[in-house]
Every structure is written in C-alpha cells, then in structure tokens.
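1. Next comes the sequence, and after it the predicted model I'd like to discuss.
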Amino acid sequence: MSSYNAVLARNTKNAPNGNGSYSQTVAFSHYNYLSAQLPIDPKTNELVAGGIKEQAEQSFENIKSIVESINHVMSDVVKIKVFVNDIQNIDAVKEIYQTFFPTYVPTLTTMAVAALPMDALVQIEAVITNGEGTIPNEPQAGDLIKLTNNTVNAPTSPLSTQTVSFSHYNNLSAQLPLDPKTGRLVIGGVKEQTRQSLKNVKMILESIDVPFDDIVKVNIYLKNHSDIEAVNGVYSTFFPDSAIARAVAYVPARTIIAVTDLPMDALVQIEVIVSHGDGTPPQAIEDRHGIIIKANNTENAPKNSLSTQTVAFSHYNHLSAQLPLDPKTNKLIAGGIKEQTRQCLNNVKSIIESIDHVVDDIVKIDVYIKDIKDMDAVDEVYSAVFPEGTPARTVVGVSELSHGALIQIDVVVSNAEGTSPEA
C-alpha cells in the first residue's frame, strides 16, 4: 500500500464510544464513514428515556457530535440510512430528521429490520464528505463541493436528494418501485417492482450523464427473502448494460439484505453507489477515463455470477457482502456463530489480499446477523481481527440470510493507490 493516503479513525467523548470495538468515524481520502448511531446518552452509555422521537433525536445528536468533533457540519452529510424496528415509526423519525436538515437534504434510505442492538427503536448511519482529504501532513485546500441532483424522471421527495456527488462518487437514495408520474407503487409483484426500482436508478444516472455500468455497488433490500431468484431474473437483464461491460462480463459488487418492512409496503428497494470519473468542481474536469473501474475475483473466496467480489474505483474498494461459505464448495461451513463469523472474515481477508491490501485498510464494516444476541460471540472473533477497533461499524438483525447462514459481513476498503490506467 502507498502511504499517500492514510486511514484516519477518530472518536469523541460527546458520542457513545462503542466499548472500543469500533471507531465513531473513519476517514479516508474524501469521505468519512460513521458507525451507525444508536439512541444512547454518551454520559450514561444507556438508551435515552422516551419513545421513537426521543430516540431518533438522540441518534441524530450523536451523529452531529461526531461530525462537529472533526470540524465538519451537518450539511457535509451526503447519505443517511435509517433502520427502525417498526416501519410505522418512520414518519416520526422523518419529523426529527427535518430539524437537522432544514434546507439541504442528503440521500436517504429507510427500512424496518428484525432487531437492533440494545433493543433500540432506531439506528441511524451517515456518510460525510472530507474535503481536506487524508494525505499525511499535506491537507488538501478543501476545494471540492457537493453536487446535488433531482430529475422528474424518477420519484422525488422533499426529504431526500436523488443523488449527491462528492469527489469521485455518486451516492443515490435507495429507489422504491414507484412510478415517478404518480408517486405510487407500480402494479405487479416483485419482478415488476424490481424492474421499476432499477429503471428509477437508471433515470437518475442518465440525468447526470453517468452510464449505468458506472455502478460499483448495489444493495438490495428484500421484504421476502424467498424472492431472490425472481429479483435475480430481472437483475440479470440490467447488468451488464453496455457492450463494453458485456465484453468483460462486468457486474457490480452486491449485497442482499432481508428486511421486515419497506416504505409504502414495497417488496424491494435498491440502493447504489456509483463512480464519478469527472469528480466535482471547482477542480478541473477530468477525463472520464482518467480513472477506471477495477473489478476483481479470487478463487480463495466464494464466487457468484451476479456479483463481483470487489470493485475498486479511485480511493475505495467496495466488496460484496461475504457469507460463511467455503470457497471450494460454495456451501455453508459446519459450526455455529463463531465459526461462521471467522469464515466470513476469512473470505473478506482473502479478497482484500488478492488485491494487495490488508485488513487494516478496512474503513467500514456492516454486520448482518440472524440473532442479535449472538453479537457477544461475534465480537470474540471480531476483536482478534480488529484489536484496535479501527473500522466504523453497523450491526443489524435480519430475518433471514442466504444459505441459512447466521451472519453476513459487508466491508468498504481504502485504496490509496487509486485506479488510474497507469496504476
């Protein structure tokens, strides 16, 4: 790894400390990834008293404290992700959300999940800009700006921006299967809803002159896990999209998350992260092909024809979520939660090492777990791999995982050398 950029983990006493198992925020290059914030009072390290509004406010206050501790402001947030244990609570959360984003609104993804740590009612995650970058002893002048965009050809909302670009990435709001003309769910089942969600993504990208094959990561939130095959049937008609992508069989990294409910009682919701070769002004416009997408698979981790194990662009590698599968058989390994956690992390490690990186380059980890009570056992294994607790982390309880797994781990990895054609 080049030392040109450095992973920068930071914590403040004004937000919950995570007991040393994770960092509150980890910056690399031009983004800060925050650990998902629970409604914990940092003075007592316990859930705040009250209901959903009080808990949502505390979660946002914790985010604000972290953001301000690194000399940023809430308008530097590009993405918010809201997890609730009851979809009926979303409106109350959004009411609080508006007080923290009264004018500018970031991209937004919301869902109900099976469980949250500490039996919380809500958990909120944020990604923020980092204009100064993380070059040791040589901060950037802070000349980058956010670009926000909405198009009438995809569903609009006063509470979210369809896409927010900063530096070399576009972060999109998760797309529900809504007809942009009516704002209502399309008629039909999961196939029709998947097609509409992906169509909405495509319309947003076309509105900012970005090809569909510039997508580097896809997150699919599914209400019924048994719908995966139907979703895959539609998904494979969208990827690869161009002749160039078909020639190399390019597909993005991908994660599938089982949720208990989605807004408007949708069956599916699709979120994407997209490369942005031109960067954001006022820097000089770059040649779109001056930075390239680098997709990689290794025999030492499980393969899937519909996803790439890791896709690098500029200063990040986005991995497909790893299940506890034996890469030789592509089947679930024997054992319980500890063995499965170890296998997930081994698969992550194999992918990272195949692109000449190390686990210390991880900036963010998402843990999706079937029984949230298993987290103590997970942390026994986890702490051996991350003794310093450097990556930011989000933990979510899910109703089901592929192959009957007990755990799935998703990571974002730094990429100091970038992805120029000469690299």
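-> Structure received.

2. which one is the spatially most central residue of the chain nearest to, not counting chain neighbours?
-> For the chain, residue 219 is the residue whose C-alpha lies nearest the centre (CA atoms, centre = their mean; 7.4 Å). The spatially closest residue to residue 219, leaving aside those adjacent along the chain, is residue 271, at 4.3 Å (CB to CB, 6 or more residues apart in numbering). Heads up, the C-betas are built off the backbone N, CA and C, glycines and all.

3. Quick check: beta-bridge partners of the residue nearest to the centre of the chain?
-> Beta-bridge partners of residue 219, counted by DSSP bridges, are residue 255, residue 271.

4. Provide a list of residues in contact with it.
-> Contacts of residue 219 were listed using CB atoms under 8 Å, 6 or more residues apart in numbering, and they are 174, 254, 255, 256, 257, 270, 271, 272.

5. who's in contact with the last one?
-> By CB under 8 Å, 6+ apart, the contact set of residue 272 is 172, 201, 215, 217, 218, 219, 252.

6. wait, is the second one part of a strand?
-> The one in question is residue 201. No. Per DSSP: H, G, I helix; E, B strand; the rest coil, residue 201 lies outside any strand segment and is helix.

7. can I assume the residue nearest to residue 219 is in contact with residue 176?
-> No. The pair residue 271 / residue 176 is not scored as a contact, 10.4 Å apart, by CB atoms under 8 Å.

8. remind me which residues of the chain are low pLDDT?
-> For the chain, the stretches with pLDDT under 70 are 1-3, 137-142, 282-289, 422-423.

9. Show me where it has its helices.
-> 52-69, 90-100, 190-207, 228-238, 243-248, 337-354, 375-385 (DSSP state H).

10. can you put these in CSV and add mean neighbour count and distance to residue 317?
-> As requested, the helices of the chain are exported to CSV (neighbours: other CB atoms under 10 Å; distance: least, CB to CB, whole Å):
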stretch, mean neighbour count, distance to residue 317
helix 52-69, 22, 24
helix 90-100, 17, 30
helix 190-207, 21, 21
helix 228-238, 16, 22
helix 243-248, 12, 18
helix 337-354, 21, 8
helix 375-385, 16, 17
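
11. Residue 132: which of the ones you listed is closest?
-> For residue 132, the closest of the helices of the chain is helix 52-69, at 14.1 Å, according to CB to CB.

12. circling back: among the contacts of residue 219, who's most crowded?
-> With neighbours taken as other CB atoms under 10 Å, the top of the contacts of residue 219 is residue 272, carrying 27 neighbours.

13. which residues touch residue 294?
-> Residue 294 neighbours (CB under 8 Å, 6+ apart): 311, 312, 313, 355, 419.

14. now, among those, which is nearest to residue 74?
-> Closest to residue 74 out of these is residue 313 (26.7 Å), distances taken as CB to CB.

15. How many neighbouring residues does that closest one have?
-> Residue 313 has 25 neighbours, counted by other CB under 10 Å.

16. Same question for the one 3 residues further on.
-> As a burial measure, residue 316 scores 27 neighbours (other CB under 10 Å).

17. For the closest residue to residue 75 other than its chain neighbours, list the residues it contacts.
-> For residue 75, ignoring the flanking residues on the chain, the nearest one in space by CB to CB, 6+ apart is residue 104 at 5.0 Å. Residues near residue 104 by CB under 8 Å, 6+ apart: 75, 148, 161.

18. try it again with 10 Å
-> 74, 75, 76, 77, 146, 148, 161, 164 (CB atoms under 10 Å, 6 or more residues apart in numbering).

19. partner residues bridging the last one?
-> Translated: residue 164. On the basis of DSSP bridges, residue 164 is bridged to residue 148, residue 171.

20. what's the neighbour count on it?
-> Neighbour count for residue 164, taken as other CB under 10 Å: 25.

21. Also the fourth one?
-> With neighbours defined by other CB under 10 Å, the count for residue 77 comes to 25.

22. got it, and the third one?
-> The tally of other residues near residue 76 (other CB under 10 Å) stands at 20.

23. Next, work out how far apart it and residue 190 are.
-> Using CB to CB, to the nearest Å, we find residue 76 at a distance of 36 Å from residue 190.

24. Pull out the buried residues from the contacts of residue 294.
-> 311, 312, 313, 355, 419 (16 or more other CB atoms under 10 Å).

25. Out of the contacts of residue 104, name the ones that lie in strands.
-> Under the assignment DSSP state E, the contacts of residue 104 contribute 77, 148, 164 to strands.

26. quick one: which of these is nearest to residue 385?
-> Residue 385 has its nearest neighbour among those in residue 77, at 29.0 Å by CB to CB.

27. looking at it, residue 299 is touching residue 327, isn't it?
-> Yes. With contact defined as CB atoms under 10 Å, residue 299 counts as touching residue 327 (6.9 Å).

28. Give the residues shared as contacts by the two.
-> Taking CB under 10 Å, 6+ apart as the criterion, residue 299 and residue 327 both touch residue 350.

29. The two - which one has more neighbours?
-> Neighbours were counted for residue 299 and for residue 327 using other CB under 10 Å; residue 327 has more, 17 against 10.

30. That one reaches residue 344, doesn't it?
-> No. Counting by CB under 10 Å, residue 327 stays clear of residue 344, with 11.8 Å between them.

31. Could you pull out the residues contacting both of those two?
-> With CB under 10 Å, 6+ apart, residue 327 and residue 344 have no common neighbours.

32. can you pull the contacts of the nearest residue to residue 158 once chain neighbours are set aside?
-> By the measure of CB to CB, 6+ apart, the closest residue to residue 158 outside its immediate chain neighbours is residue 105, 7.4 Å from it. Contacts for residue 105 (CB under 10 Å, 6+ apart) come out as 75, 77, 80, 97-98, 148, 157-161, 164, 173.

33. ok, now which ones touch the residue lying closest to residue 330 once chain neighbours are set aside?
-> The shortest distance from residue 330 to any non-neighbouring residue, by CB to CB, 6+ apart, is to residue 302 (5.4 Å). Going by CB under 10 Å, 6+ apart, residue 302 touches 309, 320, 322-331, 343, 347, 350-351, 403.

34. If we use 8 Å, what do you get?
-> 322, 323, 325, 326, 327, 330, 347.

35. count of neighbours near the third one?
-> Other residues within reach of residue 325 by the criterion other CB under 10 Å amount to 22.

36. From residue 364, how far out is it?
-> 22 Å.

37. Show me what counts as buried in stretch 397-407.
-> Under the neighbour-count criterion of 16+ other CB under 10 Å, stretch 397-407 has 397, 398, 399, 401, 405, 406, 407 buried.
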